[in-house]
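Asks: Got a predicted structure here, sequence first:
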Amino acid sequence: MFSFYFLFYLIALVVSLIHFKKYVDTPLRFFPLLIAYTLFNEVLGFFILQFEAFSFFDEEKYNWHNVIIYNIYHLLFLSYIFWLYYKVLKKKRDKRIIQIGAFVTFLSYGISFFFQDPFHSNLYYADCIGCMATVMAIVLHFKEISGTNGGINRYNLMVWVNCGLLVFNVFFPFYILNGYLNVEFYLQYHLRQILWAVISIMYSLFIIGFIISKRSAFR
């Protein structure tokens, strides 16, 4: 499935760069960097999983553990997401909510460091809080643009970013909690494969947004 992931991330990165001028003066100007980082992270994770030479650990039983790079990724990803919505939202009350959501999320990661080993386990409770905070930010933005002239405009790139992130962040807590706390259910219903489909949908929405969006519609 490595080629599958590589293809979606790579297409999204290329398309985002081709249409970069549409959003170069918006907070989404850093989004291609995030996609490139995601691509690099997935490639590195694959190589750690498949080749001992890329392992972070000397112990044989841990030589395939790559979870630390995903824990770091989640922190950087969420940092950008909170900054993005803080910038695009106009109301002070909504900006304050984003700040509170960010504080609670990063506090939960800090607490998780004391109870979970970030080198060998996802910080899944903190990940779920981060997902909920992201969904809250998306809802706030949808609510804001729905009350403007033109409403939720399909030519607004943020609409497609919202939709893609919403699909992922609604499913991911269900996926990660079952993966650690209900493994039998996780395996029985092939949640890993469903996650691949969800990621495919998310990046497809990003790609569509990059292609059809117009700068004049950005809000």
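Replies: Arrived safely. In this text the structure is predicted, and so the values were computed from the model without any measurement.

Asks: Which residue ranges of this protein form strands?
Replies: Counting by DSSP state E, one finds no strands in the chain.

Asks: right, and residue 31 touches residue 16 too?
Replies: Yes - using Cβ atoms under 8 Å, residue 31 is in contact with residue 16, at 6.3 Å. In short, each C-beta sits where N, CA and C put it, glycine included.

Asks: what about these two, which has more around it?
Replies: residue 16 (24 against 21; other Cβ atoms under 10 Å).

Asks: looking at it, that one is touching residue 35, isn't it?
Replies: Yes - using Cβ under 8 Å, residue 16 makes contact with residue 35 at a distance of 6.0 Å.

Asks: what residues do the two have in common as contacts?
Replies: residue 206 (Cβ atoms under 8 Å, 6 or more residues apart in numbering).

Asks: Look at the residue nearest to residue 74 when sequence neighbours are not counted and say how many residues are nearby.
Replies: Closest residue in space to residue 74, ignoring its immediate chain neighbours: residue 127 at 6.0 Å, by Cβ to Cβ, 6 or more residues apart in numbering. Residues contacting residue 127 under the criterion other Cβ under 10 Å number 24.

Asks: now residue 127: how far from residue 149?
Replies: Computed with Cβ to Cβ, to the nearest Å, the distance linking residue 127 and residue 149 is 37 Å.

Asks: And for residue 216?
Replies: Counting by Cβ to Cβ, the separation of residue 216 from residue 149 is 12 Å.

Asks: okay, and the helix or strand of the chain with the least pLDDT?
Replies: One helix or strand of the chain scores below all others by mean pLDDT, DSSP states H and E: helix 2-18, with a mean of 87.

Asks: which residues of this protein score low on pLDDT?
Replies: 1-3, 5, 53-64 (pLDDT under 70).

Asks: picking that back up, for the residue nearest to residue 74, what are its contacts?
Replies: 74, 172, 173, 176.

Asks: List the residues that contact the last one.
Replies: Read that as residue 176. With Cβ under 8 Å, 6+ apart, residue 176 has these contacts: 122, 124, 127, 128.

Asks: do the third one as well
Replies: With contacts defined as Cβ under 8 Å, 6+ apart, residue 173 is in contact with 127, 128, 131, 132.

Asks: how many other residues sit next to the last one?
Replies: It refers to residue 132. By other Cβ under 10 Å, the residues close to residue 132 number 16.

Asks: how near is it to residue 73?
Replies: 18 Å.

Asks: Same check on the first one?
Replies: As for residue 127, its distance to residue 73 is 11 Å (criterion: Cβ to Cβ).

Asks: just curious, which of the contacts of residue 127 is nearest to residue 7?
Replies: Closest approach between the contacts of residue 127 and residue 7, by Cβ to Cβ: residue 172, at 21.1 Å.

Asks: Excluding sequence neighbours, find me the nearest residue to that closest one.
Replies: residue 131 (5.3 Å).

Asks: again with residue 108
Replies: Closest to residue 108 by Cβ to Cβ, 6+ apart is residue 126, at 4.1 Å.

Asks: With residue 200 instead?
Replies: Nearest to residue 200 is residue 8, by Cβ to Cβ, 6+ apart, at 5.9 Å.
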